[in-house]
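In: Predicted structure and sequence below. I'll ask about it afterward.
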Amino acid sequence: MPQPNLLLGVNIDHVVTLRQARYRTLPDSPNAEPSALAAALAAEAAGAHSITVHLRADRRHIQDADVFLLRKHIGTKLNLEMGNTQEILDISLQVRPDFVCMVPENREEVTTEGGLDVAGQREALRSTVKALSDNGTRVSMFIDPDLDQVRASAEIGAAMVELHTGTFANHTGAERDAEVARLCAAAELGHSLGLQINAGHGLTTHNLTALWPVPHLAELNIGHHIVSRAVFIGLTAAVHEMLAVMASYSRA
């Protein structure tokens, strides 16, 4: 079967948010649900090309045990989002995910907001990228569509960037058009520097086609919308729905 022009990574963090709302203090309860592994297996059976989880320093949703369980049992790629801390790096080096996406972390935020300042943290990030890359993991930087951040990501040895699409998703009209132009410029530069171009944050089946002018997109990481749709139509149908919209993308 030929590879599609655009791959889908399904983020299951918010499935686990629901579990933790009831079972944070009872992780071994036989009633602890919904299962991160069951969600991941359902998403990959529906056609997801990778499973994304964010192991946060405060463990607000995904837990260490979830990451090891997913690594052992899923059949597709595992993408681990992480802040640049030694504790999470040590876990990642044990888990050996297929991909790591370096993200900013703020304990006050509900979900990741805004891109990582790679240009301002070059040396600290360079050593993390090298450790992960030497361990067999491809590393991405979650960045705003800023040309300096793209250049810095390539300079420190990242294989990929994930362009933050939150601003695009939260605006319409001229403001959205301006953000699409920024995303296009960042994608063109990143591609010219040999980076794989991914994107994510705030993407839905309703706004996705407005992103299609952006060239060279390889993979989208989408969680909140898919999990939200799953409440009403089920996870399998929600993944199918997203893939159906993504099929219209042309990378060139």
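Out: Arrived safely, thanks for sending.

In: all helices of the stretch 51-200 of the chain, in order?
Out: All helices of the stretch 51-200 of the chain, identified by DSSP state H, counting those that start in this stretch, fall at 64-73, 86-95, 122-134, 147-155, 166-169, 173-192.

In: In a markdown table: these, plus mean neighbour count.
Out: (Each C-beta comes from the backbone N, C-alpha and C, glycine too.) A markdown table is the format used below for those (neighbours: other C-beta atoms under 10 Å):
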| stretch | mean neighbour count |
| --- | --- |
| helix 64-73 | 16 |
| helix 86-95 | 16 |
| helix 122-134 | 16 |
| helix 147-155 | 20 |
| helix 166-169 | 21 |
| helix 173-192 | 17 |
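
In: neighbours around the closest residue to L235 other than its chain neighbours, how many?
Out: Of all residues not flanking L235 in the chain, A42 sits nearest, at 4.8 Å (C-beta to C-beta, 6 or more residues apart in numbering). A42 has 21 neighbours, counted by other C-beta atoms under 10 Å.

In: Chain neighbours aside, what residue packs nearest to L147?
Out: L189 (5.6 Å).

In: Could you tell me how far that neighbour is located from N170?
Out: From L189 across to N170, the span is 23 Å (C-beta to C-beta, to the nearest Å).

In: And for R60?
Out: Counting by C-beta to C-beta - R60 and N170 are separated by 22 Å.

In: Show me which of these two is the more surrounded one.
Out: For R60 versus N170, the count of surrounding residues by other C-beta under 10 Å is larger for R60: 16 against 13.

In: what's the helix or strand for the nearest residue to the more buried one once chain neighbours are set aside?
Out: In space, and not counting its chain neighbours, R60 is closest to Q20: 7.0 Å by C-beta to C-beta, 6+ apart. Secondary structure assignment for Q20, by DSSP states H and E: helix 13-23.

In: That helix vs helix 64-73, what angle?
Out: 130 degrees (axes from the mean of the first three to the mean of the last three C-alpha atoms, to 10 degrees).

In: Give the buried residues for helix 13-23.
Out: For helix 13-23, a neighbour-count test (16 or more other C-beta atoms under 10 Å) marks D13, H14, V15, V16, T17, R19, Q20 as buried.

In: what about the residue nearest the centre of the chain, which SS state?
Out: Nearest residue to the geometric centre of the chain (C-alpha atoms, centre = their mean): N221, 4.2 Å. Following DSSP: H, G, I helix; E, B strand; the rest coil, the label given to N221 is strand.
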